[in-house]
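In: Structure for the following, please:
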Amino acid sequence: MHPSSDDTTLDEAQPVIPKSLHRARTYLVLGICSVMMLAMLFTDLKPALLLKDTTANGGDMGAHVWWPKYLHDHVFSTLRLSGWTPDWYAGFPVGHFYFPVAAIIIGILDILLPYNVAFKLVTVLGPVLMMYAAAYLARGLRMRWPAPAFAAMAALFYLYFTGNDALVDAGGNVIEQSTFRITGGNLASVLAGEFSFAIALAMSMFFLGALSRALDERRRYWMPMVLLAVTVLGHVIVAIFVSLCALVIVVARGPIRNFRPAVTIGVGAFLLSSIWTLPLVADIGYTTDMGWGRVREYGRHLLPYRPGQTIIIVALVFCALLAAMRQRRRSTVELFVLLTILGFAFVTFPDSQLWNARILPFWWLILLMVAAAGAAEVVRWVWALGVQLGERFSGRDDEPLERSPVAGAATAWGSNGTVSQTSGPPAQSRAHPVDWVRFGAVGVVVVICMGILTAYLIGIPKIAERGPDAFAKETFIDDWATWNYSGYEDKGTPCNKSENASEVSRCKPGQDTKTGLTSQEFFRIMEDMGTLEPGRALWEPSGDINNYGTTLALELLPYFTDGRIGSMEGLYFESSGTVPYHFQMVSELAQSPSNPVRDLTYGTLADNFDRGVEHLHMLGVRYLMLQSPEAMAKADVDPDLTVVLDIPDLDGKAPDGWRVYEVSDTTLVAPLEFQPVVVTGVSAHGWRDPASEWFMDDSQLDRFIAADGPSEWERVDADAYASAPRVPLPDNTVTDVVQGREDISFKVSNPGVPVLVRTSYFPNWKVSGADGPYRAGPNLMVVVPTSNEVSLSYGRTIEDYLGYLGTLLGLVLLVYLVRAGRRGPIPFIDGGRHGTFVAPPKPKDGTDAVSHPDAGTADTDLTDGSQWSAEGQAVGAPPVDGPLSAQAVVDEDRARSGVPTTDLAQSGEAASEQTAPEETAPEETAPDAESGTDGLLSDQQAADEQQRGDDSGESRPRAESSTDDSADTAGNTEPTPEGNAADATASGEALADADPSSEDAPAQVDTSDAERGVDAPGSADDAADGDRG
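Out: This next block holds a predicted model:
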């Protein structure tokens, strides 16, 4: 005995809508995304400043400008995505551990645009794409209309999120919200410098949408493969998140059926990105662990919104979950599973190199996507309630429903929201006025919601804070954008020509009267430093440096001096193994050091300045730039420091001028006094602790520790190097030292005696004329010359060559998938060459129909491998065993509603014989379309219809589905009138041309092989392709 129709959800139906209505929805979503994007762009992101040729500053962004320029000028020509640079940290592997996508796009745009403009435009690329990506993901997951529009709004809310500024501590003080402004994805994080994260996040949503559609439609596998590769190259943390999401999506759609497509996509993406990912994975041990501390205020971070926002979001999430339980919304279930996993990971993630707060952007975004699904459900429920009330009070019957273009006859709804339909697909391919009314009403609601949200996020905060002239002033986001995009060239106010002006601000003879004084001071520093002999500079940090544009402004010394003066401090902390020792050295030389690396021993200016100078010698730092009186007082009396520049204060603001000292004896290559000691049992990743301990031990700095070396070098445990005997080395003279960007050469007088190379170690360094290089403390190199002439070069490792090979193979696979996918099923993915690939015919009236985004397979897993024939029959569907077949559900519900049923078994058999002659007769007929009420009539209306049928005395035969005979699978019911049969046959032809790209289109597959999952990709000319959104 089969269960009642109430046990079968709406999502098992297969309705279609006309292509014109599908296109209208697509254009509405695109219009909503565009309106919100333009409002954000023109209100807060300052297009005029984006197009102004100035150097972006602010937060990390003010230092990010260096990397794309370096990649374009010095790395692209070597056909690599990474290389070596001496500009920061005494040299480091630039691009080896940092994500290249944004830099590549900037480099390409730099061909057509000024570099500064290209850089700024790419920094806003992630936010610009975010709303489109969210809508595409919603469609790919087949979330019910109008969920894609609400998903775009959720993305806008996410972009403007900066934390709950109404949250206060016990003392009434506002709790610091900086965590929410640096974790990635939102506008605040972008302006802080996390624009690569935002681009990767947008690409990840495009990938997940494309993956869902590829698995459902069984085609275009190359698209998610490319998008996943771009995501990996965009940001590794986002790639980790998106891999988890992809796993959930694959499992939800059937892991066995989708195993081969999923593996192909994943392997292909890894191959495409392997030119960068393989070297990264191989050398990950040479990165710096900053020791990020876990975020432990779980509730405040998981729901960090204002009270009103929290109530709305939680209520919408509840509505989404309610609909998911009642109507089997697969997309909502997928999102909720992800939400659960991410929340659990955030709470339980241990202290590690990956900061647990990095999980939060994904949690927030998925939470808002679930809320968007809930908002769509609310709109649909309200529409259904309105239809029900309108028909009840007007006394109308169900005639409008019978005329619906997506239903061949009347449609009834079960007590749990299930659908009862006529047998067979829809009879028309053009939209009925009822559909357009529904679309218009829902569209108006969506547009109103968009307007309210946009005003709330962008306009109302300005008005509330600054009154009627709010838009003439600036708030948090647009103020930060103005600061960033005005550039280093527009800081401070110009000099004052008035005789009454102060001595500092009064214009001097020949002084620039247009550029701000702060900008003049900054570029004066760069120009004066550029007049010195080449070398590395260490500058004293201070919050006052932010007046130049960012506290990292002096990291651009190599940028503005064309590499003549390097900066010991740079941006990408994790990318260099020298970072911990640099900050230990700064702690000994600066009045206000930042000390950002956790679990290290730091010094102080008062107690350790002399050791700091010794560290300058060791690391080859030629210039020391100081701005605090305390540090200058120490330096002025040190015999190893000589003043070479005094740069005056020009703007009357701190820093009050700079004093530059030259450090004696800082040659790049130097002889050693004692033989190094090899510390054993230390991995590449574990090197930091013994090296930092040795680095801060004054008594041991004359003898270096090493990670490896010749067999005659003393070997001790990491904690016993101090007790090892000192072995003096013979005299050796180093001459003719020449440094290039990726090479170093010199001569020695005594081959066989090791020498120190004061450049950061990395495995890609190769040496000629010597043994080594060996990693020495803290993160330098030691070589043992075997001839008088020695040269080192930064080369390629086996991982680099394997990366090239992998990317080449990935490109071959990409070309194959593109070409093979155009011809039909791909054998090694779709299960062999023995299936029948059937293209659905075009409708006889010359129009195109597309799958209805309001129902059908929207949120269910069609893994039965069925394919729809021209008559609407399921070809090759497995026999029904237990649950009702789709046709039986249709006939049973129609019988309960008093509507005659249609037996399409014969037409289904005919279609089966025409399209797949080797298959057996179909076991199920194609489910039918939903009603013009958008599938949302309530339980009460279903009861009303039942009562009307009872009052008229019509019989209610219940259809029983049989698994013994395919002709009986549709249910043995009353014969269908001739007119209805004709309509049903025409409807089958319309369904056969359904656009499989629609959110709720059936997964059209042929299952001649038990393992196959091959789709029928639309009509012969695939006319619907142009409207995929």
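In: going forward, measure contacts and count neighbours with C-alpha atoms only.
Out: Will do.
In: so residue 239 touches residue 245, yeah?
Out: No - applying Cα atoms under 8 Å as the test, residue 239 and residue 245 come out as separate, 9.8 Å apart.
In: Touching stretch 752-765 from outside, list them.
Out: Contact with stretch 752-765 is made by 89-93, 286, 577-578, 618-620, 668-672, 675, 729-730, 732, 773-776, 779-787, 792-797, as judged by Cα atoms under 8 Å, 6 or more residues apart in numbering.
In: Show me these that map onto strands.
Out: 669-671, 773-776, 780-785, 792-794 (DSSP state E).
In: Could you count how many residues lie near residue 587?
Out: Other residues near residue 587 number 24, with proximity taken as other Cα atoms under 10 Å.
In: circling back: among the ones in strands among the contacts of stretch 752-765, who's most crowded?
Out: residue 782 leads the ones in strands among the contacts of stretch 752-765 on contacts (other Cα under 10 Å) with 29 neighbours.
In: Can you check the pLDDT for that one?
Out: For residue 782, the pLDDT comes out at 98.
In: Name whatever forms a beta bridge with the closest residue to it other than its chain neighbours.
Out: In space, and not counting its chain neighbours, residue 782 is closest to residue 756: 4.7 Å by Cα to Cα, 6 or more residues apart in numbering. Note on residue 756: beta-bridge partners by DSSP bridges are residue 670, residue 782.
In: do you know how far residue 756 is from residue 157?
Out: Per Cα to Cα, to the nearest Å, residue 756 is found 55 Å from residue 157.
In: just residue 387 next, same as before
Out: 31 Å.
In: do the same with residue 516
Out: 36 Å.
In: Next one: the spatially most central residue of the chain from residue 337, what distance?
Out: Closest to where the C-alpha atoms of the chain average out (Cα atoms, centre = their mean) is residue 201, at 1.5 Å. Using Cα to Cα, residue 201 is found at 19 Å from residue 337.
In: same check, this time on residue 301
Out: 19 Å.
In: More neighbours: these two, which one.
Out: Legend: neighbour count by other Cα under 10 Å for residue 301 and residue 337, higher for residue 301 (19 against 15).
In: Distance check, the closest residue to residue 154 other than its chain neighbours against residue 324.
Out: Nearest non-adjacent residue to residue 154, counting by Cα to Cα, 6+ apart: residue 368, 5.5 Å away. Residue 368 sits at a distance of 16 Å from residue 324 (criterion: Cα to Cα).
In: okay, these two: which has more neighbours?
Out: Under the neighbour definition other Cα under 10 Å, residue 368 and residue 324 were set side by side, and residue 368 has more, 23 against 20.
In: surely the more buried one meets residue 313?
Out: Yes - Residue 368 is within contact range of residue 313, at 7.3 Å (criterion: Cα under 8 Å).
In: Can you tell me the element residue 744 falls in?
Out: Using DSSP states H and E, residue 744 maps to strand 743-748.
In: Compute the inter-axis angle for that strand and strand 780-785.
Out: Using axes from the mean of the first three to the mean of the last three Cα atoms, to 10 degrees, the inter-axis angle of strand 743-748 relative to strand 780-785 is 50 degrees.
In: Okay, now the sheet partners of strand 743-748, with direction.
Out: Counting by DSSP bridges, strand 743-748 is paired with strand 734-739 (antiparallel), strand 789-794 (antiparallel).
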